[in-house]
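1. the amino acid sequence is not available; the structure is as follows:
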């Protein structure tokens, strides 16, 4: 399992904590696109893990929802 996890790219984003559920719902609609983990629920910090070849797709989806999510930063 470690081999698989290390082959994934990742990014952390800070969003409005109230929008975590919405982001997870949207990302789950895209089967096998990304794995989302909540790093700090109170701060709205989430981590997305995805195959390297899907980076532009993942970032495009997140950026398209930036206003709705009240996206603050990519980490």
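-> It's in. Not measured: the values here are computed from a predicted model. Numbers count the residues shown, from 1 in each chain.

2. residue contacts, the closest residue to residue 16 other than its chain neighbours?
-> Take residue 16 and drop its neighbours on the chain: the residue closest to it by C-beta to C-beta, 6 or more residues apart in numbering is residue 70, 3.8 Å away. Where C-beta positions appear, they are placed from N, C-alpha and C, glycine not excepted. Residues near residue 70 by C-beta atoms under 8 Å, 6 or more residues apart in numbering: 15-16, 19.

3. which residues are contacting stretch 7-25?
-> Defining contact as C-beta under 8 Å, 6+ apart, one finds that stretch 7-25 is touched by 35-36, 38-39, 41-52, 55, 58-59, 62, 65, 68-75.

4. pLDDT of it, averaged?
-> For stretch 7-25, mean pLDDT rounds to 94.

5. report the buried residues of that stretch.
-> Neighbour counts over stretch 7-25 (16 or more other C-beta atoms under 10 Å) mark 11, 13-15, 17, 19-20, 23 as buried.

6. any chance of those residues in TSV, plus secondary structure?
-> As requested, the buried residues of stretch 7-25 are arranged in TSV below (DSSP: H, G, I helix; E, B strand; the rest coil):
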residue	secondary structure
11	strand
13	strand
14	strand
15	coil
17	helix
19	helix
20	helix
23	helix
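
7. residues near residue 45, how many?
-> Counted with other C-beta atoms under 10 Å, the neighbours of residue 45 add up to 19.
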